[in-house]
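>>> Take this sequence and fold it.
(one chain, ligands or ions: 1)
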Amino acid sequence: MRFLITAGPTREMLDPVRFLSNRSTGKMGYALAYAAVVAGHEVRLISGPVSLAAPAAVKVSDVVSAADVLNSVQDNLQWCDVLIMAAAVADWRPASVSAVKLKKSNMSGTLELERTPDILKSVAKYKGGRFFVGFAAETGDPLPEASRKLKEKGLDMIVANDVSQSDAGFAVDTNRVTVLFANGDYDNLPLMSKVEVAKMIVEKIENKMEK
Ligand code: C5P
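Residues are numbered from 1 along each chain as shown. You can find the predicted model right below:
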C-alpha cells in the first residue's frame with residue numbers, strides 16, 4: 001500500500017527569527033515511516049523541522065508551517081491509500097508575519113493569532129476509500145477528546161496518548177497509546193518503544209484495509 005505520513009512540529013513564523021511551535025520531535029511519525037517501509041509499503045513522509053533521518057526508501061518533503069503541511073498533503077493525497085497525520089500541527093499562527101525582524105521597542109505585549117487550517121477536515125471530502133488516521137495528544141485522560149476528534153474529523157482510526165506522562169508522548173522513545181476505531185472498538189497498548197507502537201499501528205491498518 002501507499003502510506004502518506006506527516007511528522008514533527010510546525011513552526012508558525014512571526015518574523016524571520018521568531019516562531020510559535022510545540023514540543024514534537026517527530027519520533028512517532030518517523031517510527032511509522034520506518035515500520036511501514038519494513039512491512040513492504042511505499043512511504044512518503046511530510047516532515048516538519050526535526051533532527052531525524054528517514055529510511056532511504058522514504059521520499060521526504062520538508063515543510064515548516066501548517067499551511068505547508070496542507071499544501072503537501074493536498075499534493076500527495078491522490079497518490080496514497082493511507083494518510084497518517086502524526087504531525088503536531090500548530091492550531092494557531094500569528095495573524096500577521098513581518099518580513100523583517102520586529103524590534104522589541106515596536107512590539108506590544110500582545111500577540112494577535114488566527115487559526116491554522118485543519119488539515120484533516122480540509123481533505124475529508126477527498127477521502128474516498130482511503131484510510132485516515134489521526135493522533136490525539138492530550139494532557140490527562142485522552143479518550144473523551146480522542147473519540148470526539150475521531151468523529152469530528154471523519155477518521156477511521158485515532159491514536160490517543162497522554163503527553164503529561166514522562167515515559168510517553170513528546171521527545172521520548174517510548175509511548176503508551178490507545179487506538180480507537182470508527183466503529184467504537186478500542187485497544188489499550190502497553191508501554192512500548194515508538195518503533196513497536198508504529199509496527200502495531202501499521203498492522204492494525206493492514207487488517208482494516210483487508211476487510
Ligand atoms: O485537534 P487536534 O489538533 O488535537 O487534532 C489532532 C489531529 O489532527 C492530529 O492527527 C493532527 O495531525 C491533526 N491536525 C490537523 N490540522 C490541524 C491540527 C491538527 O489535521 N490544524
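>>> So what's the residue count around the residue nearest to Asp81 when sequence neighbours are not counted?
Computed as Cβ to Cβ, 6 or more residues apart in numbering, the closest residue to Asp81 that is not its neighbour in sequence is Met1, at 4.4 Å. From N, CA and C alone the C-beta is placed, and that goes for glycine too. Applying other Cβ atoms under 10 Å, we find 16 residues neighbouring Met1.
>>> Quick check: Met1 touching Arg44?
No: using Cβ atoms under 8 Å, Met1 makes no contact with Arg44, being 11.9 Å away.
>>> Show me the strands in the chain, by range?
2-7, 12-13, 19-20, 42-47, 59-62, 82-85, 92-94, 113-115, 131-138, 157-162, 174-175, 177-181, 186-188, 192-193 (DSSP state E).
>>> Partner strands of the last one, with direction?
Here strand 192-193 is paired, per DSSP bridges, with strand 174-175 (antiparallel).
>>> and the residue nearest to Asp81, what is it in contact with?
Applying Cβ atoms under 8 Å, 6 or more residues apart in numbering, we find Met1 in contact with 41-42, 81-82, 206, 209.
>>> The ligand contacts on the chain?
Neighbours of the ligand within the chain, by Cβ under 6 Å from any ligand atom: 66, 85, 87, 89, 91, 116-120, 134-136, 149.
>>> longest single helix anywhere in the protein?
helix 194-210 (DSSP state H).
>>> I'd like the strands of the chain as a markdown table, with mean pLDDT, distance to Leu32 and mean neighbour count appended.
Below are the strands of the chain laid out as a markdown table (pLDDT from 0 to 100; distance: least, Cβ to Cβ, whole Å; neighbours: other Cβ atoms under 10 Å):
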| stretch | mean pLDDT | distance to Leu32 | mean neighbour count |
| --- | --- | --- | --- |
| strand 2-7 | 98 | 5 | 25 |
| strand 12-13 | 98 | 24 | 20 |
| strand 19-20 | 98 | 25 | 19 |
| strand 42-47 | 98 | 9 | 24 |
| strand 59-62 | 98 | 13 | 15 |
| strand 82-85 | 98 | 6 | 26 |
| strand 92-94 | 98 | 25 | 17 |
| strand 113-115 | 98 | 26 | 12 |
| strand 131-138 | 94 | 9 | 22 |
| strand 157-162 | 94 | 9 | 24 |
| strand 174-175 | 90 | 11 | 21 |
| strand 177-181 | 96 | 12 | 21 |
| strand 186-188 | 93 | 16 | 13 |
| strand 192-193 | 94 | 13 | 16 |
